[in-house]
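Visitor: need a structure here:
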Amino acid sequence: MTALASGNGAPTRPTSPDEMRRIALAGAFGTGIELYDFLVFGLAAGLVFPHLFFPHSDPLTGTLASFMAFGAGFISRPLGGIIFGHFGDRVSRKTMLVITLLATGTCTVCMGLLPTYQTIGALAPVLLVTLRVLQGVFMGGEQSGAFIMVAEHAPAGRKAFLGASVTAGSPIGSLLGITSFQVVAMITGSAFGVWGWRIPFLASAILIAIGLYVRVGISESPEFERLQAE
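Guide: Next up, the predicted model:
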């Protein structure tokens, strides 16, 4: 493949159309997984978390506390963009994307394994909120990193269009999360509030495996390679 020269003379490798499609798909798929992980918490916050993790509050207070835990993930997202943006510039765009995808999903799976308030007392909501904050940090790094990766691979004149593929994964992940809760609730019936709610969280492990398979195979950003060459 013929090398192209950047403005300062450092060689950069052009991205082939087939590779560009794979990178755009990886960006969309990764964002979809992240939104799935992010959304299932919101669904559980309204359906089961109030009485499983905040049982000594009155119903309204327990629900509000549950949704405050949900909101903690949004507050921590900008921090993730700063942290992983920093290391993405200095270590590797691709490596940071793999780390954030794996870490976000790991937080989700751990939520599905958490003991409830009835088992370990006040430590249960503390662990839940801690995992939610960490999940927000990793998701903040994932979304910003995915946009950068696609935009830096995309040819001039198509950066905005191809960058939009990252956003296209968001509604897919949201629909997948809603569907998984609906299906599991139908299958488990009355057991949903006891243990069935854990299944959508644990299912994130499958999505992580697929996402890593898609993402590990993509090449490093040409812009990052140019910076390394300098």
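Visitor: only C-alpha atoms for contact and neighbour calcs from this point on.
Guide: OK.
Visitor: in this protein, which ranges drop under the pLDDT threshold?
Guide: For the chain, applying pLDDT under 70 flags the ranges 1-14.
Visitor: repeat that with 80
Guide: By pLDDT under 80, the low-scoring segments of the chain are 1-17, 56-57, 143-144, 156-157, 217, 221-225, 227-230.
Visitor: show me the residue sitting in the middle of this structure in space.
Guide: By C-alpha atoms, centre = their mean, the mean C-alpha position of the chain lies nearest to Glu34, the distance being 2.4 Å.
Visitor: okay, it and Ser221: tell me how far apart.
Guide: From Glu34 across to Ser221, the span is 21 Å (C-alpha to C-alpha, to the nearest Å).
Visitor: swap in Ala185?
Guide: For Ala185 relative to Ser221 (C-alpha to C-alpha), the value is 42 Å.
Visitor: neighbour-wise, which of the two wins?
Guide: Per other C-alpha atoms under 10 Å, whichever of Ala185 and Ser221 has more neighbours is Ser221, with 24 against 17.
Visitor: wait, what's in contact with that one?
Guide: With C-alpha atoms under 8 Å, 6 or more residues apart in numbering as the criterion, the residues that contact Ser221 are Arg93, Lys94, Met149, Glu152, His153.
Visitor: ok, those vs Leu25, which is closest?
Guide: Closest approach to Leu25 among the contacts of Ser221 (C-alpha to C-alpha): Met149, at 11.7 Å.
Visitor: phi and psi next, for the nearest residue to that closest one once chain neighbours are set aside.
Guide: Computed as C-alpha to C-alpha, 6 or more residues apart in numbering, the closest residue to Met149 that is not its neighbour in sequence is Ser221, at 5.9 Å. For Ser221, the backbone dihedrals are phi -60, psi 130 (criterion: degrees, to the nearest 10).
Visitor: how close does Ser221 sit to Ser165?
Guide: In this view, Ser221 and Ser165 are 17 Å apart by C-alpha to C-alpha.
Visitor: repeat for Thr108
Guide: Distance from Thr108 to Ser165, by C-alpha to C-alpha: 24 Å.
Visitor: which one's more surrounded, these two?
Guide: Shown here are Thr108 and Ser165; by other C-alpha under 10 Å, Thr108 has more neighbours (26 against 22).
Visitor: what's the helix or strand for the more buried one?
Guide: In this structure, Thr108 is located in helix 93-113 according to DSSP states H and E.
Visitor: name the residues of that helix that are buried.
Guide: Applying a neighbour-count criterion of 16 or more other C-alpha atoms under 10 Å, one finds 93-94, 96-98, 100-112 buried in helix 93-113.
Visitor: chain center to the helix or strand that comes right after that helix: distance?
Guide: Using DSSP H and E, the next helix or strand after helix 93-113 towards the C-terminus is helix 117-120. Counting by C-alpha atoms, centre = their mean, to the nearest Å, helix 117-120 is centred 28 Å from the centre of its parent chain.
Visitor: now helix 117-120 - C-alpha only, CSV.
Guide: Output of helix 117-120 as CSV, limited to C-alpha atoms (Å, rounded to 0.1, in the frame of the first residue of the first chain):
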residue,chain,number,x,y,z
TYR,A,117,-28.6,-5.3,51.0
GLN,A,118,-30.2,-8.3,52.7
THR,A,119,-27.0,-10.2,52.4
ILE,A,120,-24.2,-7.7,53.2
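Visitor: thanks a lot, see you next time.
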